[in-house]
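Engineer: The following block contains a protein sequence and its predicted model.
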Amino acid sequence: MKKNSKRSHSSRVSDLELNSEDAEKEKKERQNNFVELLPPEVTFKIFSQLDIWSLCRASVTCRSWNHTIRHSDALWKPHCLTVRAVCQREIDDDLESGYPWRVILLRNYQKSKVKHEWLSGRYSNICSPISLPEKIMYPMDADTWGEILEAELER
């Protein structure tokens, strides 16, 4: 019986030590996490300097960064406005539908890349559907294909 109580006592002590170590580790992480230390305006200014790729990468760094980036809709607006240069109709429709900037960017980013390639003439010399690079294609509506066709006819 005494052996069991010694074991349970030692396991409780080691559990307490682990919890203490975890708490200490979490405390250090918080001290190194500028999102939790700085005022929200400063954090926003820092994140607003990132490009789309870096902003997405930063959002998977930790929970607090993800929460801050995901819920700061204004961080996504400048990136959406850049995409709007290629997908004006689509972005404007999404704005009218009430989508937040982050969602608008998610809905239109890949499309803008593919549409830009088409409009710039990258695929002008494609002779058949087999020649299309399947990896980067994106489904587009009739209006978008109309814009692309008009650009091709003007070349």
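Structural biologist: Okay, I see it.
Engineer: Next, please give the residue ranges for the helices of this structure.
Structural biologist: 2-32, 34-37, 40-48, 52-59, 63-70, 73-84, 88-96, 101-119, 142-154 (DSSP state H).
Engineer: what's the spacing between the residue nearest to the spatial centre of the chain and Q110?
Structural biologist: The centroid of the chain falls nearest to C56 when counting by Cα atoms, centre = their mean (3.6 Å). According to Cβ to Cβ, to the nearest Å, C56 and Q110 sit 13 Å apart. Any C-beta I mention is one placed from the backbone N, CA and C, and that applies to glycine too.
Engineer: now do V42
Structural biologist: Relative to Q110, V42 is positioned 32 Å away (Cβ to Cβ).
Engineer: Would you mind listing where the protein has pLDDT under the threshold?
Structural biologist: Within the chain, the stretches with pLDDT under 70 are 1-18, 20-32, 134-136.
Engineer: if you set the cut-off to 90 instead, what comes out?
Structural biologist: Where the chain drops to pLDDT under 90, the residues are 1-43, 46, 61-65, 68, 71, 110-111, 113-155.
Engineer: before we move on, back to that, give the intersection of the neighbour lists for C56 and Q110.
Structural biologist: Counting by Cβ atoms under 8 Å, 6 or more residues apart in numbering, C56 and Q110 have no contacts in common.
Engineer: quick one: buried residues of stretch 50-64?
Structural biologist: Within stretch 50-64, the residues scored as buried using 16 or more other Cβ atoms under 10 Å are L50, L55, A58, S59.
Engineer: Which residue comes closest to the last one once chain neighbours are left out?
Structural biologist: Same thing as S59. When the adjacent residues along the chain are set aside, S59 lies closest to I69, with 4.2 Å between them (Cβ to Cβ, 6 or more residues apart in numbering).
Engineer: list the contacts for that neighbour?
Structural biologist: Contacts of I69 by Cβ under 8 Å, 6+ apart are F47, L55, A58, S59, L75.
Engineer: just checking, the second one touches F44?
Structural biologist: Right, L55. No. Taking contacts as Cβ atoms under 8 Å, L55 lies outside contact range of F44: 11.8 Å.
Engineer: list the residues that contact both of the two?
Structural biologist: L75.
Engineer: residues touching the closest residue to Y99 other than its chain neighbours, list them.
Structural biologist: Leaving aside its sequence neighbours, Y99 sits nearest to R107 (Cβ to Cβ, 6+ apart; 7.1 Å). Taking Cβ under 8 Å, 6+ apart as the criterion, R107 is in contact with E90, D94, Y99.
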